[in-house]
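Visitor: Make a model of this:
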Amino acid sequence: MNKSDKIFVAGHRGMVGSALLRRLKSEEFKNLLTRDRAQLDLSDENAVANFFAQETPPIVVVAAAKVGGIKANNDYPVEFLLENLRIQNNVIRAAYENCARKLLFLGSSCIYPKFAPQPISESALLSGPLEPTNEAYAIAKIAGIKLCQAYAREHGANFISAMPTNLYGPNDNFDLETSHVLAALLRKAHEAKTRRDPKLVVWGTSKPRREFLHVDDLAAACVLLLEKYDSPEIINVGCGEDISIHELAELICEVVGFDGELAWDTTKPDGTPRKLLDVTKLRVLGWKPMIPLREGIAQTYQWFLANYAEG
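Guide: Next comes the predicted model:
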């Protein structure tokens, strides 16, 4: 990529898109193109086609998506499937029809089977049943991957797809109805501390293991992939280490300063028992994460206090 290339970041106000913008600006990319939802509805096919015809960005990153945790995915499968299909189909098709030189599609580690061998290699895609609680979102993301690969195979498009692990950081979603586990636990621990509750109730058995990557590390990986990776085959983005939900909850309580008891609501779903990505392909390209989990959680808590917490 050239520093003067016009780069369209779809979804620039979200956690991933905003982190990518910060990274591109820090590396002195000067021609960054963004539109918020009021300016451009990515689910509107004609609006997206007109935008691309007018702007013709040579570099496109698809970071826009309807996202959420177990509860949101489980409650609204129709919305997660339809909205994500519309957004990615519109952007990917318009990028090709307006001669984009490169496109990066951001998927998710939930595309992999529920009981995939650990750590999960890219070859595990479509090798078994998905986790039911987020199946609709996963299927939408798999469709996006396959569309990028189809454009590469049929038309020679340089459309690549990266699969991030569980993400957290500034601009995360802290709404308890729709948030992912780390952000939800952070908010719950903060509110329990504020109320001086004797205990904090956490969903599930505490046994599942998850890998967490700071979104700024993902942004660095995305820039590297835009510059160095040209294969239509998917590539994982993770830190290569995981932690149990019990250990995560303890770490968050320590960072937040909540010293009450942890209690586990085992009537609630655990989701996939373990989800650790094999990041060998990305490490070979020379990338590694820079932000340790405890440090990243502390940074995220400070952001939460400054931007989200009440009182």
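Visitor: can you give me the strands in the stretch 201-311 of the chain?
Guide: With DSSP state E, counting those that start in this stretch as the definition, the stretch 201-311 of the chain shows strands at residue ranges 209-210, 212-214, 235-237, 243-244, 261-265, 274-275.
Visitor: quick one: which of those is nearest His155?
Guide: The closest approach between His155 and any of the strands of the stretch 201-311 of the chain, judged by CB to CB, belongs to strand 235-237 at 20.7 Å. Every residue, glycine included, has its C-beta placed from N, CA and C.
Visitor: and Phe51, which of the strands of the stretch 201-311 of the chain is closest to it?
Guide: Nearest to Phe51 among the strands of the stretch 201-311 of the chain is strand 235-237; the distance by CB to CB comes to 27.4 Å.
Visitor: Let's see the distance spanning stretch 277-285 from one end to the other.
Guide: According to CA to CA, to the nearest Å, stretch 277-285 extends 16 Å from its N-terminal end residue to its C-terminal end residue.
Visitor: Stretch 204-222 too?
Guide: In stretch 204-222, first residue to last residue: 33 Å (CA to CA).
Visitor: swap in stretch 27-35?
Guide: End-to-end distance for stretch 27-35: 21 Å, by CA to CA.
Visitor: Determine which of the strands of the stretch 201-311 of the chain approaches Ala47 most closely.
Guide: Taking CB to CB as the criterion, Ala47 comes closest to strand 235-237 out of the strands of the stretch 201-311 of the chain, the separation being 29.8 Å.
Visitor: Could you list every helix and strand in contact with that closest one?
Guide: Applying 3 or more CB pairs under 8 Å, 6 or more residues apart in numbering; DSSP states H and E, we find strand 235-237 packed against strand 159-164, helix 215-228, helix 280-284.
Visitor: Mean pLDDT lowest where, among the strands of the stretch 201-311 of the chain?
Guide: Lowest mean pLDDT within those: strand 274-275, at a mean of 89.
Visitor: Sheet partners, orientation included, of that one?
Guide: On the basis of DSSP bridges, the sheet neighbours of strand 274-275 come out as strand 209-210 (parallel).
Visitor: how distant is the partner strand from the center of its chain?
Guide: Between the mean C-alpha location of strand 209-210 and the chain-wide mean there is a distance of 16 Å, by CA atoms, centre = their mean, to the nearest Å.
Visitor: same question, stretch 132-139
Guide: Using CA atoms, centre = their mean, the offset of stretch 132-139 from its chain centre is 14 Å.
Visitor: Flag every buried residue along it.
Guide: 133-139 (16 or more other CB atoms under 10 Å).
Visitor: Which one of the strands of the stretch 201-311 of the chain lies nearest to Ser121?
Guide: Across these, Ser121 has its closest neighbour in strand 235-237 (7.7 Å, CB to CB).
Visitor: and for that closest one, what are the contacting residues?
Guide: Among residues not part of strand 235-237, those counted as contacts by CB atoms under 8 Å, 6 or more residues apart in numbering are 109, 120-122, 160-165, 213, 218, 221-222, 225, 229, 277-279, 281-282.
Visitor: Show me which of the residues you listed are buried.
Guide: Of the members of the contacts of strand 235-237, the ones counted as buried by neighbours, 16+ other CB under 10 Å, are 109, 120-122, 160-165, 213, 218, 221-222, 225, 229, 277-279, 281-282.
Visitor: ok, what's across the strand from Arg209?
Guide: Assessed by DSSP bridges, Arg209 has beta-bridge partners Ser244, Arg274.
Visitor: Now do the contacts for it.
Guide: Contact analysis of Arg209 by CB under 8 Å, 6+ apart lists 242-245, 273-276.
Visitor: Let me see the confidence value for the nearest residue to Pro170 once chain neighbours are set aside.
Guide: Counting by CB to CB, 6 or more residues apart in numbering, Pro170 lies nearest to Trp303, which is 4.5 Å off, once chain neighbours are set aside. We have a pLDDT of 96 for Trp303.
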